[in-house]
Structure formats: C-alpha cells, structure tokens
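**Student:** only geometry, no sequence info:
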C-alpha cells in the first residue's frame, strides 16, 4: 500500500493508529500547490483542507479521500467520481461541539460580553457593569435554524430543552424537522426569528442564501450566527446592514475567504464575533473525528468499503481499479 497523506496534523490518537498501519505523511502546508506536490503517489488522503481537482489526475494509487469532518465541499466530487476514488466523511461526531459554540457566541452577543470585558479592563468596574444596560436574556426568544442535519438537531435540543426557546426551522427535507420544531420557508423564518443560525451544507442552492433581501427581512435586533460555510452569506449585504444598524449583531465562524484578512470590515464592529472556523474543534471532537477517519482509512486498506461512503456509484469503477 502506498502512503497515507493528510492535509493537516491529526489528533495524536488518530496519528498513532495510522502510523501503526502504514506510512503516514502530513502536508507541510495546506495550499493547493503543496498538496499536489507532496501528495503525489498517495493511496489515501485525509481531507482537512480543500483538495484541488488535479489531485485526482494521474493518481493510479489513490483509493479514497476521507473527509475529516462532515462537509464535503472540500472534496471535488466530480473529479473523484470520474476516476473511481471513494469519498467518505465523518458525520455527526462534532455536532454537539458546534451546537455548544452556537450558544457560546449567542449569549456573548446578547450579554455584550466583548464590550463589557473591554470596558472593564480599560475603564474600570462601573464602565464594564454599565454594559448590562443593553444586555438581553436568551430565554423567551425564537431561534430559527437553517438546516436540520446532525448539527441543526443538536442545536434544537439545547435550544428547546435547555433554554426553553421557541424553535422554527427550514430544511431541504421538511420530513427531517423533529417534533417540537415549526417548519417555515426561509423568508418567513428570517422575519420571525430573534436568532438565525445557519448550519446548512454549502450547495448551489444555499450559496448566497442570506442575501440583501433576506437580511433586510430580519428584525433590527436579531442576531445572525453562521457555522455553515462563508458563501451562504452575502458579505456585502451583511456589512451594509451592520454599518446601518439594521441588525443586532453577528457571530461568524466561516468565511468566503479563509483565513479572513485582518483588515476585513467584520473586525471593525463591536457587535460581531469573529472566530477562525473552530466551532467544531475541541480536543474531544478532534479525537472523535480523527479516530473515526482513521478507522475508515483502515477499512479501505483492508479492501473494505467505508462505512460512511458518499459516492457509492463509483464502487464498480473502484473495484475494477483495485480488485478485491
């Protein structure tokens, strides 16, 4: 078996498993040129960064791309399918971690934590305490969840049973909306919700989903939380709404351009929390994602199919390339 290639370091528990099974190599940097150069000849790639389509060209040893996480937007599926490379992911294992982050940043915005902390440190006790005048409770509000996959369901459980919130949701599969959630079309959801949480996959339908029109329908004190993907939001429209005070605030973990440039307008707003795409990252979640991804690698090395195979239509092509 040729070597196992990872775009990033993995949790030590996962690396130990893979090193015991074969030759594990970690990319020195996650940019496309480095991945193409250092990943040439790999048998399996563990994906934590966008993979260029050319990675799948002239790659006779490449059996599988295993996504370290749930979202498949980092894998060029057409390129993988064309050459018969298996694609798998690790769904659900960090859903609770992402959900916890949603409430961390929501509460921080409602309780004006950034401003309170800054005023307390720079101007003293009374100035920090004064921020409570504009603080708000989470209880009694309505949360709108866009996307009812594993993350959306985890957010719903905390919202409904932890904080007693009213929850409305929209989903491309309305039948996935659990009991206790009211289904609404997205235009109605953004108009009704006090907190709008984006946790949908990035697709052609969700790109630009939160456009100027829908942002304009939001309540003037509403909060927008994005743990989906950056392009789901029209950045220019959101920045304009923030500048004009037409939205209460935003907590953004993902961006159309990553890393986010330090001179980006989002950094200039006191009512915006910016985090570096870490909503799903803790030591525990990294161990879960890494070890489940490693177990999928081992299955492929043994000639088995991944449990979480996402392109079963290529199995016949794959078996022609690598007969069992």
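**Tutor:** Arrived safely, thanks for sending. Here the structure is a predicted model, which is why all the values come from computation and not from measurement.
**Student:** where does residue 175 land on pLDDT?
**Tutor:** pLDDT for residue 175: 85.
**Student:** Next, the residue of the chain most remote from its centre: secondary structure please.
**Tutor:** Ranked by distance from the centre of the chain (Cα atoms, centre = their mean), the top residue is residue 126, with 38.3 Å. Three-state call for residue 126 (DSSP: H, G, I helix; E, B strand; the rest coil): helix.
**Student:** All the strands of the stretch 201-324 of the chain, in order from the start?
**Tutor:** In the stretch 201-324 of the chain, strands defined by DSSP state E, counting those that start in this stretch lie at 223-226, 249-252, 272-274, listed in chain order.
**Student:** where's the helix ranked longest in the chain relative to the chain centroid, distance-wise?
**Tutor:** Counting residues, the longest helix in the chain under DSSP state H turns out to be helix 283-301. Its chain's C-alpha centre and that of helix 283-301 lie 18 Å apart, by Cα atoms, centre = their mean, to the nearest Å.
**Student:** tell me which strands and helices that helix is in contact with?
**Tutor:** Judged by 3 or more Cβ pairs under 8 Å, 6 or more residues apart in numbering; DSSP states H and E, helix 283-301 is in contact with helix 12-21, strand 44-47, strand 64-67. Every residue, glycine included, has its C-beta placed from N, CA and C.
**Student:** Kindly reformat these as CSV containing mean neighbour count.
**Tutor:** As requested, the helices and strands packed on helix 283-301 are arranged in CSV below (neighbours: other Cβ atoms under 10 Å):
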stretch, mean neighbour count
helix 12-21, 16
strand 44-47, 27
strand 64-67, 26
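**Student:** Nearest to residue 83, out of those?
**Tutor:** strand 64-67 (10.9 Å; Cβ to Cβ).
**Student:** Show residues contacting that closest one.
**Tutor:** By Cβ atoms under 8 Å, 6 or more residues apart in numbering, the surrounding residues in contact with strand 64-67 are 44-47, 51, 74-75, 80, 85-90, 293, 296-297, 300, 306.
**Student:** Please identify the pairing partners of it and their relative orientation?
**Tutor:** Taking DSSP bridges as the criterion, strand 64-67 sits next to strand 44-47 (parallel), strand 86-88 (parallel) in its sheet.
**Student:** closest to residue 177 out of those strands?
**Tutor:** That would be strand 86-88 among those, by Cβ to Cβ, at 26.8 Å.
**Student:** Toward the C-terminus, what is the element adjacent to that closest one?
**Tutor:** The first helix or strand that comes after strand 86-88 along the chain, using DSSP states H and E, is helix 95-110.
**Student:** Now do that next one, average pLDDT.
**Tutor:** pLDDT averaged over helix 95-110 gives 98.
**Student:** can you check stretch 81-88 too?
**Tutor:** Mean per-residue pLDDT for stretch 81-88: 98.
**Student:** Would you work out how far apart the start and end of that stretch are?
**Tutor:** Stretch 81-88 has an end-to-end distance of 12 Å (Cα to Cα, to the nearest Å).
**Student:** Can you list the buried residues in that stretch?
**Tutor:** For stretch 81-88, the buried set under the neighbour-count rule, 16 or more other Cβ atoms under 10 Å, comprises 81, 83, 84, 85, 86, 87, 88.
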